[in-house]
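A.B. asks: Model the structure of this input:
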Amino acid sequence: MSDWAPALEAKLNTELSRYYAQPTQITAVEPLEAGLTNRCLRLTDSQGGQNVWRPNSQAVRAFDIDRAREASAQSLAANHGLALQPIVSLAEGLLVPWVSGQPLDQRDDDPTAILIDLLVRIHQLPVELETASVYAQCQHYEQQLSATDVHRLADIKAWAIAQRPATEGDIPVVCHMDLGAYNVVMTPHRGAVVLDWEYARTADAHLDIALFCRANGLQPDTVIEAYCAQQQIKATETVRRRVLAWLPFADYLALCWYEVGAKLYRLPAYKEVANQLFEQLAAQRRG
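C.D. replies: I've put the predicted structure just below:
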């Protein structure tokens, strides 16, 4: 909890007092283990409430996360019943309510229908978020890698970018960019609540569908058929071609993300996934 300090605690006590409209103190602070980039803290307060502190940490800078954009995305989603409203966005980070319930990835039943419904609802949100370039995000990751790694990835990157569909067919929508079952909590009274809007932005719907398939280990054809039916899209084959064309870049983006994670946290699991993605993309490139 290197980012936690008395001055920050005092500031958050002030914000929580404003939130509850009565004097409030943080009574317990514990790190959250879930999530690969989070390194977030769960705060318990004197009102009996629990919230999550999402700091502007080294990891946030490494993974090109903008907490202000995250706050805007979560607030927009909350206005349409998909998330809880953030409590406050500060220079030091973002304070959001803790969501009590059962994580969707821990349920016994198949979550696919719930997830696709959430994906559609997110894509139907008013397009009020900034368009943040996924290519710039990719370059940000690459800048943190060694020259050797960048050289090793160069051919795969060029091939992956060449596969992506023409921009003329882009459908700009609000994209979560990480809508896995691990980021959804089923609550008793609100139904499904979507977490972790840190990568959300306006982008091409087909890219978000590709990322969604990878995040949940789902076959694209299954997702696309259900998505198009729910969105009343008749040109299913066009959507399918565009989603499949995005998959190599989606995998390359994930590869770079895991490479940055391996460098930042020095955990073998990150490097293992990065290596698997590299071999997968190299094999696809060879045909």
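
A.B. asks: From here on, just use CA atoms for contacts and neighbour counts.
C.D. replies: OK.

A.B. asks: Strands of this structure, start to end?
C.D. replies: For the chain, applying DSSP state E gives strands covering 26-31, 41-45, 50-55, 88-90, 93-97, 102-103, 172-175, 184-187, 191-194, 201-204.

A.B. asks: mind putting those in a markdown table, mean neighbour count and distance to residue 162 included?
C.D. replies: A markdown table is the format used below for these (neighbours: other C-alpha atoms under 10 Å; distance: least, C-alpha to C-alpha, whole Å):
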| stretch | mean neighbour count | distance to residue 162 |
| --- | --- | --- |
| strand 26-31 | 14 | 41 |
| strand 41-45 | 19 | 40 |
| strand 50-55 | 21 | 36 |
| strand 88-90 | 17 | 38 |
| strand 93-97 | 20 | 37 |
| strand 102-103 | 16 | 37 |
| strand 172-175 | 24 | 20 |
| strand 184-187 | 20 | 33 |
| strand 191-194 | 21 | 32 |
| strand 201-204 | 23 | 16 |
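
A.B. asks: With mean pLDDT and distance to residue 234 as new columns, can the ones you listed be given to me in CSV?
C.D. replies: Output for these, formatted as CSV (pLDDT from 0 to 100; distance: least, C-alpha to C-alpha, whole Å):
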stretch, mean pLDDT, distance to residue 234
strand 26-31, 95, 46
strand 41-45, 97, 45
strand 50-55, 96, 41
strand 88-90, 97, 41
strand 93-97, 97, 39
strand 102-103, 96, 33
strand 172-175, 98, 18
strand 184-187, 98, 29
strand 191-194, 98, 28
strand 201-204, 97, 18
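
A.B. asks: Of all those, which one is nearest residue 130?
C.D. replies: When those are compared by C-alpha to C-alpha, strand 201-204 sits nearest residue 130, at 5.8 Å.

A.B. asks: helices or strands next to the closest one in the packing?
C.D. replies: Helices and strands touching strand 201-204, by 3 or more C-alpha pairs under 8 Å, 6 or more residues apart in numbering; DSSP states H and E, are strand 172-175.

A.B. asks: And the helices in the stretch 51-200 of the chain?
C.D. replies: Under the criterion DSSP state H, counting those that start in this stretch, helices of the stretch 51-200 of the chain are mapped to 58-62, 67-79, 112-123, 134-142, 147-163.

A.B. asks: So for the fourth one, mean pLDDT?
C.D. replies: Mean per-residue pLDDT for helix 134-142: 95.

A.B. asks: Contacts made by that helix with the rest, please.
C.D. replies: With contacts defined as C-alpha atoms under 8 Å, 6 or more residues apart in numbering, helix 134-142 is touched by 62-64, 150, 253, 256-257, 260.

A.B. asks: ok, and the most crowded of the residues you listed?
C.D. replies: The residue in the contacts of helix 134-142 with the most neighbours, by other C-alpha atoms under 10 Å, is residue 256 (27 neighbours).

A.B. asks: How about that residue, nearest residue that isn't a chain neighbour?
C.D. replies: Excluding its sequence neighbours, the residue lying closest to residue 256 (C-alpha to C-alpha, 6 or more residues apart in numbering) is residue 141, at 6.0 Å.
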